[in-house]
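Colleague: Structure of the sequence below:
(one chain, ligands or ions: 1)
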Amino acid sequence: MGVEVVVEGLTKSFGSQVIWQDVSLTLPPGEISVLLGPSGAGKSVFLKTLAGLLRPDRGRIRIDGRDAGAERRRAGVLFQDGALSGSLTVYDNIALPLRERAATPESRVRRIVMDKIERVGLLGAEGKRPGEISAALRKRAGLARALVLDPEVVLFDEPDSGLDPVPTAYLNQLIVDLNAETGATFLIVTHDLDTARTVPDDIGLMAGRELVMFGPREMLLSSDQPVVSGFLNARGPDGLPPIPPQLMPTGGRIRRTQPVPGAWLAANGVVPPPGSFLDEHGRDWRAEYRRLLAP
Ligand SMILES: Nc1ncnc2c1ncn2[C@@H]1O[C@H](COP(=O)(O)OP(=O)(O)OP(=O)(O)O)[C@@H](O)[C@H]1O
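Modeller: Predicted structure coming up:
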């Protein structure tokens, strides 16, 4: 199950350059949060600080009520470039965190790794090296590795970077499904507004060295706070058309009962891969979509 991540008064600088200061937020357990912001705002630095890879100047991070230092192993990270070793196969890359743990028998490693490989849609690619598969599959391999120790917190650094809109939409659907399955707490750093509109429960915006806002998705997306609306409106349509207004969430915790990404794929004429038609209640989102569009 997911755990609560509480950040209090976090400040980070490199030398005399303050990246952000006095950042406080709570990632609700088991939910998906997105951190938006312009390039260079410090989103990746924030994620790496949460992951324990960078040390903050001030402030504290608590995971499930305990100091993050001791809880670091409970977080899995999908790095922007996947951070895969080019000389290892996909299988061995994913197995790495398990093998680093003392005394995991190979039969158990195999069972866990093949389960994750299947779960992220990589069956058949396990013997290949990262250079032999597409960027989208490398992301999936990085995701499988982030999940291999069954973390309670999963941090995604720009999962959409370097991907076209269609693979991004598939990956977003997978992220939503995995969140529902694992119940882990997810934080996604991105500047992709389509991801922000469709995937999370909560959104934060980082800009001008601070966290401008953090809260329920609809609150941020409809905010008239000048920095927020300025950021949202500065982005024109890039790639696929915007999500039709009737598919936009109407409030509350939408994601698990309202399969928006699937409907969005259908709206754009994309046939999702097998197995992704049903939401967690077993409803076929395509029927839902047709109903929504019915005259
Ligand atoms: N290890 C580091 N040492 C010094 N400066 C760094 C380091 N890592 C990041 N920075 C600086 O911190 C600032 C924020 O970088 P960061 O990568 O977090 O931005 P971002 O919001 O994730 O941007 P993007 O969306 O383009 O990835 C940048 O000015 C970057 O140069």
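Colleague: near the ligand, which residues of the stretch 51-200 of the chain?
Modeller: residue 191 (C-beta under 6 Å from any ligand atom). (Glycine included, C-beta is placed from N, CA and C.)
Colleague: residue contacts, the residue in the stretch 51-200 of the chain that the ligand sits nearest to?
Modeller: Ranked by C-beta to the nearest ligand atom, the top residue of the stretch 51-200 of the chain for proximity to the ligand is residue 191, at 5.3 Å. By C-beta atoms under 8 Å, 6 or more residues apart in numbering, the residues touching residue 191 are 36-39, 43, 158.
Colleague: got it, and residue 185?
Modeller: By C-beta under 8 Å, 6+ apart, residue 185 lies in contact with 2-5, 27-31, 33, 152-154.
Colleague: Now a ChimeraX select for only the buried ones of the contacts of residue 191.
Modeller: Burial among these is assessed by 16 or more other C-beta atoms under 10 Å; the matching ChimeraX selection reads:
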select :36,37,43,158
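Colleague: Throw the contacts of residue 191 into CSV and include secondary structure and pLDDT, thanks.
Modeller: What follows is those, written out as CSV (DSSP: H, G, I helix; E, B strand; the rest coil; pLDDT from 0 to 100):
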residue, secondary structure, pLDDT
36, strand, 92
37, coil, 88
38, coil, 84
39, coil, 83
43, helix, 93
158, coil, 91
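Colleague: re earlier: list just the nearest of the contacts of residue 185 to the ligand.
Modeller: Of those, the one sitting nearest to the ligand (C-beta to the nearest ligand atom) turns out to be residue 33, at 15.5 Å.
Colleague: Is the closest one in a helix, a strand, or coil?
Modeller: strand (DSSP: H, G, I helix; E, B strand; the rest coil).
Colleague: So which of the contacts of residue 185 are in strands?
Modeller: Counting by DSSP state E, the members of the contacts of residue 185 that fall within strands are 5, 27, 33, 153-154.
Colleague: circling back to that earlier point, show the backbone phi and psi for the residue of the stretch 51-200 of the chain closest to the ligand.
Modeller: Phi and psi for residue 191, reported as degrees, to the nearest 10, are phi -120, psi 20.
Colleague: same question, residue 56
Modeller: Backbone torsions of residue 56, given as degrees, to the nearest 10, read phi -70, psi 160.
Colleague: which residues touch it?
Modeller: 10-12, 49.
Colleague: I'd say residue 90 and residue 123 touch.
Modeller: No: taking contacts as C-beta atoms under 8 Å, residue 90 lies outside contact range of residue 123: 10.5 Å.
Colleague: Can you pull the residues that touch both of the two?
Modeller: residue 117.
Colleague: and these two? which has more neighbours close in?
Modeller: residue 90 (27 against 10; other C-beta atoms under 10 Å).
Colleague: for the stretch 151-295 of the chain, what spans make up the strands?
Modeller: 153-157, 185-189, 202-207, 210-216 (DSSP state E, counting those that start in this stretch).
Colleague: what helices or strands is the first one leaning on?
Modeller: When contacts are defined as 3 or more C-beta pairs under 8 Å, 6 or more residues apart in numbering; DSSP states H and E, strand 153-157 packs onto helix 43-50, strand 75-78, helix 135-147, helix 165-182, strand 185-189.
Colleague: Those: lowest mean pLDDT?
Modeller: The weakest mean pLDDT among the helices and strands packed on strand 153-157 belongs to helix 165-182, with a mean of 84.
Colleague: Without its sequence neighbours, what residue ends up closest to the residue most central in space within the chain?
Modeller: In the chain, the C-alpha nearest the mean C-alpha coordinate belongs to residue 188, at 3.5 Å (C-alpha atoms, centre = their mean). Excluding the flanking residues, the one nearest residue 188 by C-beta to C-beta, 6 or more residues apart in numbering is residue 156, at 4.3 Å.
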